[in-house]
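In: pasting a predicted model and its sequence here:
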Amino acid sequence: MKKVILIVAAVLGFAVVASAQPRAIGARIGWGAEISYQHTLGANNFLEADLGWGINDFRLGLGYDFSVAPVGPLNFYVGPAAQVAFINNVEHNNLMLGIGAQLGLEYFFDAVPLQLSLDWRPLFTLIPGTGFGWNSFGLGIRYAF
């Protein structure tokens, strides 16, 4: 009986912890389209994963962002990011790997579970050759749960 009570208490504890972690899922539109997922890791940081596609590419991005200046429903964030992409163009197919940053501003609505964001992701390309991309701006809309 003690084992059953312990197992039930552990399952309920894990459920409470999982439901206490705010998450958001939605879309990010910029240089192509992305499905975006955010998961809060603490009071001032979150993980963001994006699966995107464009005319000639398919990409996966991951960022770890820190809330720098939260003011009510408005939040400014910044953090490191990485991206892997497969680019298919007329000349050749490339696997692209890059590291960079993400800087953004997001707004949470009080009345509905909706989040809007505007961000910039500068990226240093490491593979297939070195380079710098500065034009990755995006507008995100996510459902927060």
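Out: Alright, I've got the coordinates. In this text the structure is predicted, and so the values were computed from the model without any measurement. Numbers count the residues shown, from 1 in each chain.

In: residue contacts, the residue nearest to the spatial centre of the chain?
Out: For the chain, the residue nearest the mean C-alpha position is Glu48 (2.1 Å; C-alpha atoms, centre = their mean). By C-beta atoms under 8 Å, 6 or more residues apart in numbering, the residues touching Glu48 are Ser36, Tyr37, Gln38, His39, Gly61, Leu62, Gly63, Tyr64, Asp65, Gln102. Yep, even glycine has a C-beta here, placed from its N, CA and C like the rest.

In: show me which of those are buried.
Out: Ser36, Gln38, Gly61, Gly63, Asp65, Gln102 (16 or more other C-beta atoms under 10 Å).

In: ok, then the element right after the helix or strand containing the third one?
Out: Under the criterion of DSSP states H and E, Gly61 resides in strand 57-67. Downstream of strand 57-67, the first helix or strand assigned by DSSP H and E is strand 74-88.

In: helices or strands up against that following strand?
Out: When contacts are defined as 3 or more C-beta pairs under 8 Å, 6 or more residues apart in numbering; DSSP states H and E, strand 74-88 packs onto strand 57-67, strand 93-108.

In: mean confidence score for that strand?
Out: Averaging pLDDT along strand 74-88 gives 94.

In: how far does it sit from the chain's center?
Out: Relative to the mean C-alpha coordinate of its chain, strand 74-88 is positioned 7 Å out (C-alpha atoms, centre = their mean, to the nearest Å).
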